[in-house]
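In: below is the structure, and that's it, no one-letter string:
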């Protein structure tokens, strides 16, 4: 069984396996990313358990999007007597001699994964790196102990496919291997795919071509989720390289041109990446430079990306003196989502001191505003966004407010004013999806058949699980906050008439909100008023009501802050975030598991979301000002979680009851962002 994380500096997280790792290493995952949206990920054991696992998922230009280019390496150590000991747990090639191979340690150094194996008399260390802004992978092996005459054998396994495609989908035609000295390329007859470039740096390295071979793999997690679970991987042959002393061997795979791949040798590439990560920790705000927060500064780096697929938009941004930047909502399967980006911006880019990138993100999304809406998401491999969201544009105001508070950058605020005026105007007169102000009470309503427009957005086929069509509580809290922010910005810009008009709209919305949303039967707020489907107001106790307290301009009368907080704490608070529904509701689901329909039925019906701890702590500190030391207790359990699930990251969601099993995406932007932001907010003040 693994021991607890070692008491080393937080930037070095260690898990030791004192017995055969087996299920412990199979349940945990690792993640490396490249700042483009590409990534590598798998289990600590090395086994591939679902379609999203692979060593090189390259972020390619539209229409390809993220593409599985290198699925797995079969790893073996050849001893002088000819014996081959396999390690790494590849399910593509069942290991032989496993009794002689044992994973004894996994750790993160500068948030990069490192494995240590005992292979009989040899002790071997492996580390993985993706150079920043490259679709390139380095896997480096170092011998720590062992006899003379050892050699590595590394067999790459591929199935070029869209990374979300079924594992049983067809290969894109025959594969071809070409050699250029010690550099090799795997091509397919399908011209849509780039070449996969492979090389091994090391003593006496060579490639043994074996004519290509297909082997079957079973993906157990795909089977559990009701998807096709059997697929094949193709291998061209294997690399061998001598392994001795201080001479490390690095396997390199890339879709980049050879001159990019070879620009830095593996040692220099590692040193450069460590230097970049150390700089990220140095520029973070003071409250994020120590302990768990410093570790999450590096976890935050997974999510800020230069979208590789949107070449046209990148060219436009650069012509205007900008860079295209966005936020991946979560790994493995999410793309960049507008709502998630705006909620995450403060934690990912402001708490971490990445102010230029925060500005680029805001201007990037400002460019995409249509009919007063920012995109809900950008589908994989496409240049145009989808706009079916009622709250992303309102979170945009919140993100800008936090950016200006952190940077004082009024120049950028002035540049965004035309877009912000347009957003408010469209909401006042009405825009897509039934989003608009009700002239009867000044509250914002939203909803259209077949759409899920709030953050509680699960949909299976034609079934919208939590439609929440009508006047949702957090939408109106965000609307009031946006009106108050915009009126202040207009006043600062000298437009007093415009500011006065928005103050009137805000005052009317606040009056109606407090008259109508308070539910004396539950001692907290209704979740939705005036449902478009008809029927009574929705009294479900959900965490959405916290935004009526937590935002910069809270819409809820202060007299009701404490009762709301007490109900939320009693009904929804867990050690890893908030439940999405109280346990006494008939639709409550305690576990998120099963096929897609079963999972989405539970997604917002009890399932715990880590990001909600942010609004909870903000609201709690408004009710209990100055009690940051007490507020820190709400974040304590996230430290242990970083050694579970995806090591070094925070999951998207958790089951709603003990043991709060992690579910969903293994690393989620707003989970990391909000925990990091709150850790910095409640950190002890430096002397």
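Out: Yes, it's here. Bear in mind that the values here come from a model prediction, so they are computed numbers and not experimental data. Numbers count the residues shown, from 1 in each chain.
In: quick one: distance of stretch 567-575 to the chain centre.
Out: 25 Å (Cα atoms, centre = their mean, to the nearest Å).
In: which residues are in contact with that stretch?
Out: Defining contact as Cβ atoms under 8 Å, 6 or more residues apart in numbering, one finds that stretch 567-575 is touched by 522-524, 541-543, 545-546, 578-580, 582-583, 608, 616, 619, 634, 636-637, 654, 656, 660. The C-beta positions use only the backbone N, C-alpha and C, and glycine is treated the same way.
In: PyMOL command to pick out the buried ones of these?
Out: Those of the contacts of stretch 567-575 that count as buried under 16 or more other Cβ atoms under 10 Å are selected in PyMOL with:
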select buried, resi 522+524+541+542+543+545+546+578+579+580+582+608+616+619+634+654+656+660
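In: what are the buried residues along stretch 448-456?
Out: 448, 451-456.
In: identify the farthest-apart pair in those.
Out: 448 and 455 (16.5 Å; Cβ to Cβ).
In: quick one on the thing from earlier: which of the buried residues of stretch 448-456 sits closest to residue 267?
Out: Nearest member of these to residue 267, counting by Cβ to Cβ, is residue 455, at 44.7 Å.
In: and the residue nearest the centre of the chain, what is it in contact with?
Out: Nearest to the geometric centre of the chain sits residue 330, at 2.5 Å (Cα atoms, centre = their mean). Shown in contact with residue 330 (Cβ under 8 Å, 6+ apart): 340, 652, 664-665, 667-669.
In: cutoff 10 Å now
Out: 302-303, 337, 340, 649, 651-653, 664-672 (Cβ atoms under 10 Å, 6 or more residues apart in numbering).
In: repeat that for residue 429.
Out: Per Cβ under 10 Å, 6+ apart, neighbours of residue 429: 372, 436-437.
In: among the residues you listed, which ones are in strands?
Out: Here DSSP state E is the test, and these give 436-437 as lying in strands.
In: does the residue lying farthest from the centre of the chain count as helix, strand or coil?
Out: In the chain, the residue that sits farthest from the middle, by Cα atoms, centre = their mean, is residue 81; the gap is 46.2 Å. Following DSSP: H, G, I helix; E, B strand; the rest coil, the label given to residue 81 is coil.
In: lowest-pLDDT helix or strand in the chain?
Out: Every helix and strand in the chain was compared by mean pLDDT, DSSP states H and E; the lowest is helix 22-27, with a mean of 81.
In: buried set for it?
Out: Result for helix 22-27 [16+ other Cβ under 10 Å]: buried residues 24-27.
In: pretty sure the residue farthest from the centre of the chain contacts residue 149?
Out: Yes. Residue 81 lies in contact with residue 149 (Cβ atoms under 10 Å); the separation is 9.1 Å.
In: next, the buried residues of stretch 363-373.
Out: Neighbour counts over stretch 363-373 (16+ other Cβ under 10 Å) mark 363-366, 368-369, 372-373 as buried.
In: of those, which belong to helices?
Out: 363-366 (DSSP state H).
In: if we can go back for a sec, looking at the contacts of stretch 567-575, which are in helices?
Out: Those of the contacts of stretch 567-575 lying in helices (DSSP H): 616, 619, 637.
In: what about residue 109, distance to residue 115?
Out: 11 Å (Cβ to Cβ, to the nearest Å).
In: looking at the two, which one has more neighbours?
Out: Ranked by neighbour count (other Cβ atoms under 10 Å), residue 109 and residue 115 place residue 115 first, with 22 against 16.
In: my guess is that one contacts residue 87. True?
Out: Yes. Look at residue 115 against residue 87 with Cβ under 10 Å: they come within range, at 8.7 Å.
In: any idea of the mean pLDDT for stretch 303-310?
Out: Taken as a whole, stretch 303-310 carries a mean pLDDT of 89.
In: what of stretch 40-58?
Out: On average, the pLDDT along stretch 40-58 is 96.
In: so which bits of that stretch are buried?
Out: By neighbour count with 16+ other Cβ under 10 Å, stretch 40-58 contains the buried residues 40-58.
In: now residue 593, what's its secondary structure?
Out: Under three-state DSSP, the three-state class of residue 593 is coil.
In: what's the helix or strand for the residue nearest to it when sequence neighbours are not counted?
Out: Closest residue in space to residue 593, ignoring its immediate chain neighbours: residue 599 at 6.7 Å, by Cβ to Cβ, 6 or more residues apart in numbering. Assigned by DSSP states H and E, residue 599 belongs to helix 596-602.
In: residues contacting that helix, please?
Out: With contact meaning Cβ under 10 Å, 6+ apart, helix 596-602 is reached by 225-227, 457-461, 463-466, 580-581, 587-595, 607, 653, 655-656, 663-664.
In: ok, 6 Å please
Out: Residues from elsewhere that reach helix 596-602 (Cβ atoms under 6 Å, 6 or more residues apart in numbering): 458, 460, 465, 589, 592.
In: so the protein: which segments form each domain?
Out: Following automatic domain parsing, the chain resolves into domains at 12-277, 289-681.
In: pull the longest strand from the chain.
Out: With DSSP E as the criterion, the chain gives strand 203-218 as its longest strand.
In: can you pull the buried residues of it?
Out: Buried residues in strand 203-218 (16+ other Cβ under 10 Å): 205, 207, 217.
In: equivalent analysis for stretch 391-410, please.
Out: In stretch 391-410, counting by 16+ other Cβ under 10 Å, buried: 391-404, 406-407, 409.
In: ok now that stretch, how far from the chain's centre?
Out: Distance, centroid of stretch 391-410 to centroid of chain: 21 Å (Cα atoms, centre = their mean).
In: backbone dihedrals for the residue lying closest to residue 682 once chain neighbours are set aside, please?
Out: With Cβ to Cβ, 6+ apart as the criterion, residue 682 has its nearest non-adjacent residue at 4.0 Å, and that residue is residue 628. Residue 628 has phi and psi values of phi -60, psi -40 when expressed as degrees, to the nearest 10.
In: pretty sure residue 628 contacts residue 683?
Out: No. With contact defined as Cβ atoms under 6 Å, residue 628 does not reach residue 683; the gap is 7.8 Å.
In: of the ones in helices among the buried residues of stretch 363-373, which is the nearest to residue 174?
Out: residue 364 (40.1 Å).
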